[in-house]
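Participant: Just to be clear, the model below is a prediction. Sequence and coordinates:
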Amino acid sequence: MMLTLRNNSRLLLTSLVVGYIFVQLIWQHLTSGVPKHYVLNDPSLPAISNWWGLIILPIFTWFLTTFLTKQYGDVYPRKVWLQLLGASVYALVISILFYSGYVELISMLVLPSILVAALFLPIYHPPFLLGYVLVSSVGFGAVLPLIGGLVFAAIAYVVYNVIRPLPIYLLKLVSKSK
């Protein structure tokens with residue numbers, strides 16, 4: 001059986017990411033040069049080039065889609081694509097705000113919005129993480145969004161699986177003791 005992009009979401013996503021990062025890097029190279037990003041935005045710290053995205057993003061995509069393929073099979077349901085889209089829109093808004101000069105606003109809103117979203121949605125799941133990292137990589141390279149995304153995913157996991165069920169558990173304890 002021959003694999004095609006149409007009936008294999010993992011292959012489709014990874015191929016799209018390879019094309020996306022390749023086109024982005026070529027465009028950057030031909031226009032203003034491929035940017036580098038300093039750790040903590042401090043020029044005295046090491047810089048990370050966007051060229052790393054050519055290696056990191058396809059491998060990261062393949063890694064995350066491994067989990068999705070195990071869970072959903074070769075063709076992902078609409079839910080996965082919507083989760084990917086939702087995280088992509090979130091990352092796009094954050095990137096636009098950052099490059100528009102609203103850094104303080106981002107600092108005040110990013111963590112609280114993640115915490116609130118994590119109370120209702122499992123935003124630590126692979127589609128959310130992948131969408132966030134891919135879209136953020138346009139403005140911040142691949143490494144920094146990957147690190148930030150993993151930290152946010154860990155926080156979201158704790159909120160969704162520990163903090164969110166805690167009030168329900170406590171209410172059950174109180175009702176049993178009465």
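Facilitator: Cool, got the structure.
Participant: how about residue 100, phi and psi?
Facilitator: The phi/psi pair for residue 100 (degrees, to the nearest 10) reads phi -90, psi 0.
Participant: Give the buried residues for the helix or strand harbouring residue 16.
Facilitator: Counting by DSSP states H and E, the element that carries residue 16 is helix 9-30. With burial defined by 16 or more other Cβ atoms under 10 Å, the residues of helix 9-30 counted as buried are 9-14, 17, 20-21, 24-25. C-beta here means a position set from N, CA and C on the backbone, and glycine is covered the same way.
Participant: what about residue 169, neighbour count?
Facilitator: If you count neighbours by other Cβ atoms under 10 Å, residue 169 ends up with 9.
Participant: how close does it sit to residue 175?
Facilitator: 11 Å (Cβ to Cβ, to the nearest Å).
Participant: part of a helix, is residue 51?
Facilitator: Yes: applying DSSP: H, G, I helix; E, B strand; the rest coil, one finds residue 51 inside a helix.
Participant: Same question for residue 48, what's its three-state structure.
Facilitator: Residue 48 ends up strand, using three-state DSSP.
Participant: Chain neighbours aside, what residue packs nearest to it?
Facilitator: residue 143 (4.7 Å; Cβ to Cβ, 6 or more residues apart in numbering).
Participant: Repeat that for residue 114.
Facilitator: That would be residue 152: by Cβ to Cβ, 6+ apart, it lies 5.3 Å from residue 114.
Participant: Great, nothing more from me.
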